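Student: Just a sequence and a predicted model for now, questions to come.
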Amino acid sequence: MNIRSTTVRWAISLGLVGGFALVAPQAAQAGPARAHQVRKAKRQDHAHRPHVQQQRKAKVNRRQAKQAQRVRQGKRSGQITRAEGRKIQRQQRGVKRAERRAKADGVVTKREARKIQTKQNRASRTIHRAKHNDRKRPGAR
């Protein structure tokens with residue numbers, strides 16, 4: 001092998017690597033940018049359908065109100081102890097926090113609504129278990 005062929009090989013390999021290095025960052029940036037544009041388009045699509053947003057918000061609020069009523073009734077009757085009440089209130093704060101975060105950008109997506117619903121399901125299960133675990137708050141009516 002002579003020096004000229006070795007030099008040519010190095011130049012070619014560096015050219016290919018250099019070209020790849022210039023192309024790769026653009027390709028890497030194209031992926032997430034497209035995904036972001038898709039998410040943005042979905043959010044804009046929902047913005048044109050405000051009735052969907054109102055239905056999701058109303059459903060969450062209605063369920064929160066029903067759960068709050070169940071907790072009040074359980075505390076009044078003594079079915080829910082103070083410790084259970086604190087646990088339930090902590091869960092309810094988590095649901096409200098998730099709801100605020102979802103509403104922060106003005107659009108509650110299906111994914112965000114599903115996350116809120118999961119938190120509400122867990123809270124509902126906790127309320128049911130607290131009311132039916134045969135523990136009574138001392139001095140309850």
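Tutor: Great, that's in hand. Numbers count the residues shown, from 1 in each chain.

Student: Domain-wise, how is this structure divided?
Tutor: For the chain, the structural domains run 1-48, 50-141, going by automatic domain parsing.

Student: Quick one: mean pLDDT over the last one.
Tutor: The reference is to domain 50-141. If you average the pLDDT over domain 50-141, you get 89.

Student: got the CA positions of the helix or strand where residue 93 lies in CSV?
Tutor: For residue 93, the host element (DSSP states H and E) is helix 82-103. What follows is helix 82-103, C-alpha atoms only, in CSV (Å, rounded to 0.1, in the frame of the first residue of the first chain):
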residue,chain,number,x,y,z
ARG,A,82,-59.4,10.7,61.9
ALA,A,83,-56.4,8.9,60.4
GLU,A,84,-58.4,7.6,57.5
GLY,A,85,-59.9,11.0,57.0
ARG,A,86,-56.4,12.5,56.7
LYS,A,87,-55.3,9.8,54.2
ILE,A,88,-58.4,10.5,52.1
GLN,A,89,-57.9,14.3,52.2
ARG,A,90,-54.3,13.8,51.1
GLN,A,91,-55.5,11.7,48.1
GLN,A,92,-58.1,14.3,47.3
ARG,A,93,-55.4,17.0,47.2
GLY,A,94,-53.5,14.8,44.8
VAL,A,95,-56.5,14.6,42.5
LYS,A,96,-57.0,18.4,42.6
ARG,A,97,-53.4,18.9,41.9
ALA,A,98,-53.5,16.7,38.9
GLU,A,99,-56.6,18.4,37.7
ARG,A,100,-55.0,21.9,38.1
ARG,A,101,-51.9,20.7,36.2
ALA,A,102,-54.1,19.3,33.4
LYS,A,103,-56.1,22.5,33.1
